[in-house]
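Engineer: Whatever this is, show me its structure:
(4 chains, ligands or ions: 4)
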Amino acid sequence: MNALIQESTLDVVEMSYSEAIKDAMDIALGQDERVVLMGEDIGVYGGAFQVTGDLVHKYGEERVMDTPISELGGAGVAVGAALTGLRPIFEFQFSDFATLAMEQIVNQAAKVRYMLGGEVSVPLVMRFPAGSGTGAAAQHSQSLEAWLAHVPGLKVIQPTTPHDVKGMLLAALEDPDPVMIFEHKLLYKTKGMVPEGYYTVPIGQAAIRREGTDVTIVATSIMVHKSLAAAEELEKEGISAEVIDLRTIRPIDRDAVLKSVEKTSRLVCVYEGVKTLGIGAEISAMVAESHAFDFLDAPILRLGGSDNPIPYNPELEKASVPQVDDIVSNVARLVKGKI
Amino acid sequence: MNALIQESTLDVVEMSYSEAIKDAMDIALGQDERVVLMGEDIGVYGGAFQVTGDLVHKYGEERVMDTPISELGGAGVAVGAALTGLRPIFEFQFSDFATLAMEQIVNQAAKVRYMLGGEVSVPLVMRFPAGSGTGAAAQHSQSLEAWLAHVPGLKVIQPTTPHDVKGMLLAALEDPDPVMIFEHKLLYKTKGMVPEGYYTVPIGQAAIRREGTDVTIVATSIMVHKSLAAAEELEKEGISAEVIDLRTIRPIDRDAVLKSVEKTSRLVCVYEGVKTLGIGAEISAMVAESHAFDFLDAPILRLGGSDNPIPYNPELEKASVPQVDDIVSNVARLVKGKI
Amino acid sequence: MANQMTENEPFALKRFSPEQLRDALRKMHLIRKFEEGAEDCYTRGMIHGTMHLSIGQECSAVGSCMPLAEDDQITSTHRGHGHCVAKGADVSRMFAEFFGKETGYCKGRGGSMHIADVAKGNLGANGIVAGGIPIAVGAALTSKRLNTGKVVMCFFGDGANNEGAFHESLNMASVWKLPVVFVCENNKYGMSTSIERSTSVKNIADRAAGYSMPGVTVDGNDFNAITEAIDTAVQRAREGNGPSLVESLTYRWRGHSKSDRNRYRTKDEINDWMSKDPIARFSSFLVEHGILSEADAEKVEADVVAEIAAAIEFAKSSPDPSVSDVSRDVYTEVTA
Amino acid sequence: MANQMTENEPFALKRFSPEQLRDALRKMHLIRKFEEGAEDCYTRGMIHGTMHLSIGQECSAVGSCMPLAEDDQITSTHRGHGHCVAKGADVSRMFAEFFGKETGYCKGRGGSMHIADVAKGNLGANGIVAGGIPIAVGAALTSKRLNTGKVVMCFFGDGANNEGAFHESLNMASVWKLPVVFVCENNKYGMSTSIERSTSVKNIADRAAGYSMPGVTVDGNDFNAITEAIDTAVQRAREGNGPSLVESLTYRWRGHSKSDRNRYRTKDEINDWMSKDPIARFSSFLVEHGILSEADAEKVEADVVAEIAAAIEFAKSSPDPSVSDVSRDVYTEVTA
Ligand SMILES: Cc1ncc(C[n+]2csc(CCOP(=O)(O)OP(=O)(O)O)c2C)c(N)n1
Ligand SMILES: Cc1ncc(C[n+]2csc(CCOP(=O)(O)OP(=O)(O)O)c2C)c(N)n1
Ligand SMILES: [Mg+2]
Ligand SMILES: [Mg+2]
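Structural biologist: Ligands and ions are numbered 1, 2, ... in the order given. Presented below is the predicted three-dimensional model:
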């Protein structure tokens, strides 16, 4: 609330998603000496995706730290630092490399507060550039957010706009617990209007990006944009789709999803991660076990990543994740009762 | 098929789940020089859960290798060995420590065949002692099987009986691709009749452990046994529950589950992993998007681990995973239309 | 001549007051009796789960913590009861934790492997071998960035030195010159695996050269040796000269954990080490040098016995956590 | 006197035949021209994704592979084109892979970062820094267990030596005395991070002592130096005496990848290294010692230019994979 009132008073400017992340980190570094950035080549190089940019020149190598290529140790250092008073923002160069740091993220960061009976908190923020579409193949294109959303003790977000990623990153820094931010690489250059200065966007609240009456599309990350494009197409076919941007996948905004399904009585989940056990599985199961089940007029559809590693060939790569056409055709079939 | 015919001709003896695993490894070591066991303290110590037992004395340290405490490297050595002609069976001392080896399991073992265009296979078997109930607290009690079931390229099994674990381990060794075996620690001492000698139980086939007409309970690992006990109780209340032992969670035996749901028109998923994004989420979503959806007379229920790390205190530990009473009361409520 | 004498005077007598030395002995006894008590309660079925006893390693734990200041911090291991007591923990709350009670250090959620005492600077035991090493480096980073002057002591075992986390952590601590002291308690085995069979270097301290930091191997059961080596390392860290690696040679008398059958070592080896009890050794050292009388020494031990008995009573009579609180403290309540 | 002469005779001339030396030069040119061609295709939008060029490191790759036998194996890195060619790959299939074609080494599924040539013993590049190190140790384990006599060469960079996988792998290879040669190609930077800022030891080869294996640092751009050091390590591995670590000092002329702006190093540094082109150096060495005439040397290069042009044509004209096969080869078809 507070944040929203405040936000409305701020001037807005256009920036890209990556500029919005940098802006949030700049504000945080400027107002809180406990904030440090850690990651590989985030200094003079400016980060593999140029997100930290020139912040090292403004705040120095002590605040914007290039780490050796040591993901497990680096993540552990961030955990220890957070546990003892710093507010680290740790950048994985690609989310795929977090596979090396699961021990520290899952056994330590997520659990230490509980294991110690609530004596401590771990105010740690981690950033995971994720997703396919860059031709970087199987080890640089994964969407592993569902793994972390399975882990109690973590919060996991997937902001989809410059406005949200800035506000949610600042909210993550206010959060006393570990917050994992999955950033789709193809979003970095997307632009949007962003308030200048400090504001937060609450973690745990979904956003209805488009109102509709025939079907609810719950999407995450870049699939929100593809779903909105699909909704435009569907409208031409006379189908009114409501598009929900989940924004946070742990904890999930259950009420927002159920309310929409009660209204539209149809649900389609769209996400880039592998379909099996991807976030859509949880959304579907959450609805199927709720009172909203009785409102359902059709099966719950999931459109997720195909059952293969991400290939290098661009046509195969596209075929491995849902595209606008897939969303349009499948939603249409569902609404027309063909499924 | 072949395996089954063969199996029926074998004498059966009673053994424990851990003895059955050892028996399978003994047979494999005896008939195939390419088979090697790798793991921490699996030699003279006999393994943390005494599964490898005295095999080192029979086959020597070259075949039953104690590794240093190096899960990432050890797993990677197993991947490289499998890629070049050995048939390693790698034991994690606790499945929780696999968080250190996700890079090799997920980026290498699962993907190398695809990334190399099918030029190679990785015939690797990994064993993960998993689950709670031993008072070992949050870092020694996790059930992370859903993570690996999310990864194309892997096969993931959770055998529940001595008969199955022996046959499925031998099937895993025949499989050209990586097979991950999750063994619930509380199953190790459970006994059952096991055929002597060589036989396989196919990966990818569920087993109907109990026929019923009112509700389908799809369970995994130790929850199969708890569900069977619950089904006994439910019968007294006049509720006929069908209990399916999923056995393999990647790939899932879709037909077996759908056929049962068509018959009973009610589904309850019971698993120990954290409820959110645990295997039950996939089962529920798989059914909700299938033609079986039209047969459903009630919401799809999930009983899974609660949203916290596993605590040390035994009462809290029990309260963190589904117990027989929880299954009985929830299934009863569902069947009686109270959900 | 007097000079001469102080020259030859054992390090501990120069560095610590008689009160401090007496307290060191008390802590060693406290660790021993605490673990014997815990073991007894376990055997009698009053404690569940498993535990890793450090009996035989008391001097290493106490000696390592002696040169630390009150608000210096430590990270500990699965074999961490000694470190916890050495850093000043209350054995009542430790027992309460073992009994799974709400009055325990972790309110019964953590148990033996997660025991911590943050107020006293113990950031916690760890169930993951080498899991605490990068965390210690992170704590040292906080000390340097916020200029708290704290030194962080990182305990781990010989087995842990083969984990990648060891390598990555020592490298970063050295590159960033952080105030951390790495203490490798080498008790010859990682579970059943001897360092000869797991570790490709004779002395673990030799690996320090690969990180351009000082590395020394000392007899961790010799109070003078361990305190002197650690004192040097702590000063170096305190003065901003970066990390050190101290290898403390010691031995665990008990099995690795409750499931150990000691198949990997001989009775003779165990008996040999037991005959060189580090506590008796330190106690007679203090008596020899007139710090304590025989009677004082006995009194120290007797008081500890009473303290342990009272602590067990406290634990037994403490309330259990309420099952309805099972998901409390997963996240921090934000009171807006 | 004649003796004298052979004494002073450069290693390479003693160890390799003129044909082998000529082929080494050919491979160096092939790597250079392959990467220049790939870069050109990328710039012209014919290749997507990213690539890591090893231009400037050709001598290190070719020299390292020279002492290997046909069926010895290697694991490579994200900067692996040179290793691939050095081990005998066909540049047509390499280009086809870059173009994402079904005729590529990975049928278009892998691309630059996963290029492999298993038939020639190249187990593959790797997108994960240090990801190939334990895999190489595993391949060496197979060699030892099945007595294949194969030696495994494991390539990685200076940045990779700070990964835990490096530590765990070298330790196991040494404990188990496996036939593996670790080749650290130190080109001074891991992406933008110089070894001074990332690595707490002067020479990476100094870390070998922590694993009780020989460690040497050599000029990887000097064909004689690199081949002699590797030859010694390969012999040691072949004879069952275990692993070695060879640090090959070299330099990449291009940026780390396509997104690099070279902000972390000076133009002078780059120009200085470019003025010491390892290929020109090796070529004139061969001419000086009469292995090749100037004309021969030019012919070698000219033939390579033609080979590259043909390879690009092959790649362009090759068929794309069919989208319906996107999930093929995830699992092995079992033909019962
Ligand atoms: C990552 C990880 N691997 C394995 C284990 C199981 N484990 C617990 S203690 C231990 C031995 C540790 O040896 P060392 O570091 O020498 O400490 P010690 O037990 O001798 O005090 C092992 C293998 C673990 N807890 N964590
Ligand atoms: C585990 C992991 N971390 C980070 C990266 C991103 N990355 C790719 S190459 C590279 C630098 C590697 O440096 P070095 O090992 O010296 O090899 P070079 O590029 O210099 O040949 C980095 C950081 C990666 N691919 N994998
Ligand atoms: Mg030890
Ligand atoms: Mg480099």
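Engineer: show me where pLDDT drops low in chain C?
Structural biologist: C:1-7, C:336 (pLDDT under 70).
Engineer: Any residues of it in contact with ligand 1? List them.
Structural biologist: C:52, C:78-79, C:127-129, C:156-160, C:187, C:189-191, C:256 (C-beta under 6 Å from any ligand atom). For every residue, glycine as well, the C-beta is placed using N, CA and C.
Engineer: residue of the stretch 1-150 of chain A with the smallest distance to chain D?
Structural biologist: residue A:135 (3.0 Å; C-beta to the nearest C-beta).
Engineer: List the contacts of that residue.
Structural biologist: A:312, A:314, A:317, D:48-50, D:111 (C-beta atoms under 8 Å, 6 or more residues apart in numbering or on different chains).
Engineer: and residue C:88, which of the three is it?
Structural biologist: Three-state assignment for residue C:88 (DSSP: H, G, I helix; E, B strand; the rest coil): coil.
Engineer: Give me the spatial nearest neighbour of it, chain neighbours excluded.
Structural biologist: residue C:120 (4.4 Å; C-beta to C-beta, 6 or more residues apart in numbering or on different chains).
Engineer: Please look at that neighbour and residue C:85 and confirm they touch.
Structural biologist: No - with contact defined as C-beta atoms under 8 Å, residue C:120 does not reach residue C:85; the gap is 10.1 Å.
Engineer: The two: who's more crowded?
Structural biologist: Neighbours around residue C:120 and residue C:85, counted as other C-beta atoms under 10 Å in any protein chain shown, are more numerous at residue C:85. The numbers are 29 against 16.
Engineer: Now the more buried one. Nearest residue, chain neighbours left out?
Structural biologist: residue C:31 (4.8 Å).
Engineer: quick one: contacts for the residue lying closest to residue A:242 once chain neighbours are set aside?
Structural biologist: Nearest residue to residue A:242 in three dimensions, chain neighbours excluded: residue A:212, at 3.5 Å (C-beta to C-beta, 6+ apart). When the contact criterion is C-beta under 8 Å, 6+ apart, the partners of residue A:212 are A:231, A:240-243, A:264.
Engineer: Check the gap between the residue nearest to residue C:88 and chain B for me.
Structural biologist: 21 Å (C-beta to the nearest C-beta, to the nearest Å).
Engineer: how far away is that residue from residue A:121?
Structural biologist: 18 Å (C-beta to C-beta, to the nearest Å).
Engineer: And the strands in the chain?
Structural biologist: By default, I'm working from chain A. A:12-16, A:35-39, A:64-66, A:87-91, A:125-130, A:155-157, A:179-184, A:191-195, A:207-210, A:215-219, A:241-245, A:248-250, A:267-274, A:301-305 (DSSP state E).
Engineer: meant chain C, my bad for not saying
Structural biologist: So, for chain C - with DSSP E - the strands run C:73-75, C:152-157, C:180-186, C:189-190, C:193-194, C:215-219, C:244-249.
Engineer: These into TSV, with extra columns for mean neighbour count and distance to residue B:59?
Structural biologist: Formatted as TSV, these follow (neighbours: other C-beta atoms under 10 Å in any protein chain shown; distance: least, C-beta to C-beta, whole Å):
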stretch	mean neighbour count	distance to residue B:59
strand C:73-75	29	39
strand C:152-157	30	29
strand C:180-186	29	30
strand C:189-190	24	22
strand C:193-194	20	18
strand C:215-219	19	36
strand C:244-249	26	34
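Engineer: Quick one: closest of those strands to ligand 3.
Structural biologist: Nearest to ligand 3 among the strands of chain C is strand C:152-157 (3.7 Å), distances taken as C-beta to the ion.
Engineer: check contacts around residue C:20.
Structural biologist: residue C:66.
Engineer: how near is the closest residue to residue C:195 other than its chain neighbours to ligand 3?
Structural biologist: Once flanking residues are discounted, residue C:195 sits nearest to residue C:158: 5.0 Å by C-beta to C-beta, 6+ apart. In this view, residue C:158 and ligand 3 are 4 Å apart by C-beta to the ion, to the nearest Å.
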